[in-house]
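> dropping the sequence and predicted coords here.
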Amino acid sequence: MPNTLIDRSSAMSALQGPVRLRTLTTLRWLAVGGQSVAILMVHFVIGFPIPLGLCIMAIAASAWLNLFTALRFSPQRFLTDREAAAYIAYDILQLCALLAFTGGLLNPFSALIIAPVMIAASFLALRYTILIACLALAGVGILALYHMPLPWRPGDELDLAPIYKFGVWAALSFSVIFFAAYAHRIAAESVQMRSALTATQLVLEREQRLSALGGLAAAAAHELGTPLATIQLTAREMQRELENDELLGEDAALLVEQVKRCREILGRLSQHGEAGDAIHDRVDVGGLLKESAAPFLEKPDGPDIRIESESGDGAPEPMLRRQPEIVYGLRNFIENAVGFASSDVRIAATWTKDKLDIVIEDDGPGFSTEVLSRLGEPYVSSRFGPRKTDGQRPTSARTGGMGLGFFIAKSLLERTAAAISWGNRDRRGARVAISWPLSAITAESLAQDTTQPTANA
C-alpha cells in the first residue's frame with residue numbers, strides 16, 4: 001500500500017530529533033540566575049540566616065559546568081539521549097542539594113524539581129524519562145527525611161506537623177509522576193501528528209510528480225504527432241518508389257513499421273496524460289470513479305466492484321478538475337474497501353447542481369467499535385484483518401500496517417474542500433461518504449484560466 005512510505009519509529013525519531021547543547025545550557029543559566037537571586041534575597045533582604053557558603057558552592061558548580069561545556073563543546077552540538085539525560089540528572093541532583101541546605105521539602109521552591117522532569121519528558125525517549133522521574137522521586141524522598149532547617153527568623157524555628165510534611169512529599173511525588181506522563185504523552189502525540197503529516201506531504205508530492213509526468217507525456221505526444229505523421233507519409237512514398245529494390249524496399253518497409261509503432265506509443269502516452277494539458281485536466285464523474293478504482297477492477301481474486309453514478313435533481317454530469325489529491329484519496333478508500341470486502345464493493349456517485357456525493361461501501365466486517373471514534377487519526381488501524389486469498393478472514397483485530405492510509409486519504413481529500421464521514425452500514429460492512437461543493441472541484445475555473453490568455457491576445 002502507498003502509505004508504507006516511512007517507518008513509524010524512524011519517522012518519529014527523525015522528527016523529534018536530538019536537543020542542542022545550547023538549549024540545555026541556556027536553561028541552566030536561567031536556573032543559576034534564579035537560584036542566586038533567591039538566595040541573596042532571602043539572606044540579605046529578608047534577613048533569614050542560611051548556609052550561604054554551601055548554597056553558593058552548589059550554584060557555582062552549575063555555573064562552572066556551564067562554562068566548561070561552553071568552552072569544550074560547540075553550542076550547536078546535538079546531544080545524544082544519554083548525554084541529555086545525564087545533563088538533566090545533574091540539574092536534579094544540584095537542585096536537591098540546594099533544597100537540602102535550605103529546608104528540604106518545606107522550602108516553597110521545592111516545586112521546581114518538577115521542571116527538569118517535564119523538560120526530559122518533552123524530548124527524551126520513554127526509558128530515559130522514566131529514569132529521570134525515578135531520580136526525582138528518590139530526591140523528593142531523601143529531602144523529606146534529611147535536610148537542614150528551613151531559613152526562618154533568628155532565634156525561632158518553623159516546625160510544621162508531620163502530616164503536613166507527608167502531604168508535601170505526596171503532592172510532589174504525584175506531581176512528578178503526573179507531569180512526566182502528561183508531558184511525554186503530549187510530545188509523543190505531537191511527533192505522531194508531524195510524522196503523519198510529513199507522510200501525507202510525501203504522498204501528495206509523489207502523486208503530483210506522477211501527474212505532471214503524465215501531462216508532459218501527453219503534451220509530448222501531441223507535439224510529436226504532426227512531424228511523425230509527415231515522416232510516416234514520406235516513408236510510405238519511399239516504400240512505393242522502392243518496391244522493385246529488394247534491399248532498400250525492406251528498409252523502407254521497416255521504416256514505415258517503426259513509424260506506425262511510434263504513433264501507437266504516443267497514442268498510449270496521450271491517453272494516460274493527467275496534467276500539463278488542459279484537455280486531460282478534465283474528467284467526468286464516471287471517469288473519475290473508474291480511474292480511481294482501475295488498479296482493483298482486474299483482480300481475479302478480488303470482490304465484485306460496482307460503479308454507479310446518477311443525477312439527483314436532473315442536473316447534467318459535471319466535468320471535474322483531475323486533482324491528484326482526489327484520485328489518491330478515493331483510491332485509498334477503495335483499496336481499504338476491497339481489502340476487507342467479502343464479495344462486493346459499491347462505489348456510487350450522486351450529483352446535483354451544487355454538490356457531488358461519493359459513497360464507498362463494502363460487505364466486510366465493518367469498522368471495529370474500539371477504534372471507530374478514533375478513525376481518521378494517524379496510526380490507527382481501522383478494522384479487522386484483511387481478506388485472505390482463500391476467502392478466510394482472521395477474527396483478531398488487525399495488527400499489521402501503520403494506520404496511516406485512512407489519515408492520508410482524509411487529509412488529502414479535505415484539501416479539496418471535501419467533507420468526509422464514515423461508519424458501519426445497517427447490515428454488514430463499512431461505509432465512507434465524501435461530499436464536495438461543485439464550485440470547488442469543477443473544471444469551469446480551469447477552462448476560464450485556459451481561455452483567458454487567448455481573449456487577452
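Perfect, I can see it now.
> give the contact list for residue 152.
48, 158 (CB atoms under 8 Å, 6 or more residues apart in numbering). C-beta: built from backbone N, CA, C; applies to glycine.
> again, but for the one 5 residues further on
Contact analysis of residue 157 by CB under 8 Å, 6+ apart lists residue 149.
> helices of this structure, start to end?
Ranges of helices within the chain are 8-16, 21-40, 52-72, 81-101, 114-123, 126-145, 162-241, 246-271, 285-297, 324-340, 369-372, 405-414, 438-441, 444-456, based on DSSP state H.
> any idea of the mean pLDDT for the longest one?
Looking back up the chat, that one is helix 162-241. Taken as a whole, helix 162-241 has an average pLDDT of 74.
> circling back: which one of the helices of the chain lies nearest to residue 154?
helix 52-72 (14.4 Å; CB to CB).
> where does the stretch 301-450 of the chain dip in pLDDT?
378-404, 444-450 (pLDDT under 70).
> now do 50
Counting by pLDDT under 50, the stretch 301-450 of the chain contains low-confidence residues at 382, 384-402, 445-450.
> just the strands in it please.
304-311, 319-321, 344-351, 355-362, 419-424, 430-437 (DSSP state E, counting those that start in this stretch).
> export those strands as CSV, with columns for mean neighbour count and distance to residue 93.
Shown next, in CSV, are these (neighbours: other CB atoms under 10 Å; distance: least, CB to CB, whole Å):
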stretch, mean neighbour count, distance to residue 93
strand 304-311, 14, 65
strand 319-321, 20, 63
strand 344-351, 20, 62
strand 355-362, 21, 59
strand 419-424, 15, 52
strand 430-437, 19, 55
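> relative to residue 115, which of these is closest?
strand 419-424 (41.7 Å).
> report the inter-axis angle for the closest one versus strand 430-437.
160 degrees (axes from the mean of the first three to the mean of the last three CA atoms, to 10 degrees).
> now strand 419-424, how far from the chain's geometric center?
Offset of strand 419-424 from its chain centre (CA atoms, centre = their mean, to the nearest Å): 21 Å.
> repeat that for stretch 80-97.
Worked out by CA atoms, centre = their mean, stretch 80-97 lies 32 Å from the chain centre.
> buried set for that stretch?
Across stretch 80-97, burial judged by 16 or more other CB atoms under 10 Å covers 81, 83-85, 87-89, 91-97.
> ok, residues contacting it?
Contacts for stretch 80-97 (CB under 8 Å, 6+ apart): 18-19, 24, 28, 31, 58, 61-62, 65, 79, 112-113, 116-117, 119-120, 123-125, 128, 131-132, 135-136, 139, 142-143.
> residue 255 is in contact with residue 238, correct?
Yes - between residue 238 and residue 255 there is a contact at 7.3 Å, judged by CB atoms under 8 Å.
> ok so, going back, of the contacts of stretch 80-97, buried ones?
Burial by neighbour count, judged by 16+ other CB under 10 Å, picks out 19, 24, 28, 31, 58, 61-62, 65, 79, 112-113, 116-117, 119-120, 123-125, 128, 131-132, 135-136, 139, 143 from those.
> any stretches of the stretch 51-200 of the chain with poor pLDDT?
For the stretch 51-200 of the chain, no range has pLDDT under 50.
> what's the closest non-adjacent residue to residue 104?
In this structure, residue 104 finds its nearest non-sequential neighbour in residue 147, 2.8 Å apart by CB to CB, 6 or more residues apart in numbering.
> Provide a list of residues in contact with that neighbour.
Neighbours of residue 147 in contact, by CB under 8 Å, 6+ apart: 99-101, 103-106.
> list the buried residues of stretch 310-319.
318-319.
> typed the wrong thing, it's stretch 94-108
For stretch 94-108, burial by neighbour count (16+ other CB under 10 Å) applies to 94-107.
> mind checking how far that stretch is from the chain centre?
Distance, centroid of stretch 94-108 to centroid of chain: 43 Å (CA atoms, centre = their mean).
> dump that stretch to PDB, keeping only the CA atoms.
Extracted C-alpha coordinates of stretch 94-108, given in PDB (Å, rounded to 0.1, in the frame of the first residue of the first chain):
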ATOM      1  CA  GLN A  94      22.100  20.100  42.200                       C
ATOM      2  CA  LEU A  95      18.600  21.300  42.900                       C
ATOM      3  CA  CYS A  96      18.200  18.600  45.600                       C
ATOM      4  CA  ALA A  97      21.500  19.700  47.200                       C
ATOM      5  CA  LEU A  98      20.400  23.300  47.300                       C
ATOM      6  CA  LEU A  99      17.000  22.400  48.800                       C
ATOM      7  CA  ALA A 100      18.700  20.200  51.400                       C
ATOM      8  CA  PHE A 101      20.700  23.200  52.600                       C
ATOM      9  CA  THR A 102      17.500  25.400  52.800                       C
ATOM     10  CA  GLY A 103      14.700  23.400  54.400                       C
ATOM     11  CA  GLY A 104      14.100  20.400  52.100                       C
ATOM     12  CA  LEU A 105      10.500  20.000  51.000                       C
ATOM     13  CA  LEU A 106       9.400  22.800  53.400                       C
ATOM     14  CA  ASN A 107      11.100  25.200  51.000                       C
ATOM     15  CA  PRO A 108       8.500  26.700  48.700                       C
END
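> so this protein: which segments form each domain?
8-201, 210-279, 280-445 (automatic domain parsing).
> related to what we said a few turns ago, pick the one among the buried residues of stretch 94-108 closest to residue 309.
Nearest to residue 309 among these is residue 95, at 68.1 Å by CB to CB.
> can you redo the contacts of residue 147 as CSV with distance to residue 318?
Listed next are the contacts of residue 147 as CSV, based on distance: CB to CB, whole Å:
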residue, distance to residue 318
99, 71
100, 75
101, 77
103, 75
104, 74
105, 71
106, 74
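> so which of these comes closest to residue 231?
Nearest to residue 231 among these, with distances taken as CB to CB, is residue 99, at 89.3 Å.
> list the contacts of that closest one.
105, 107, 109-110, 113, 143, 147 are the contacts of residue 99 under CB under 8 Å, 6+ apart.
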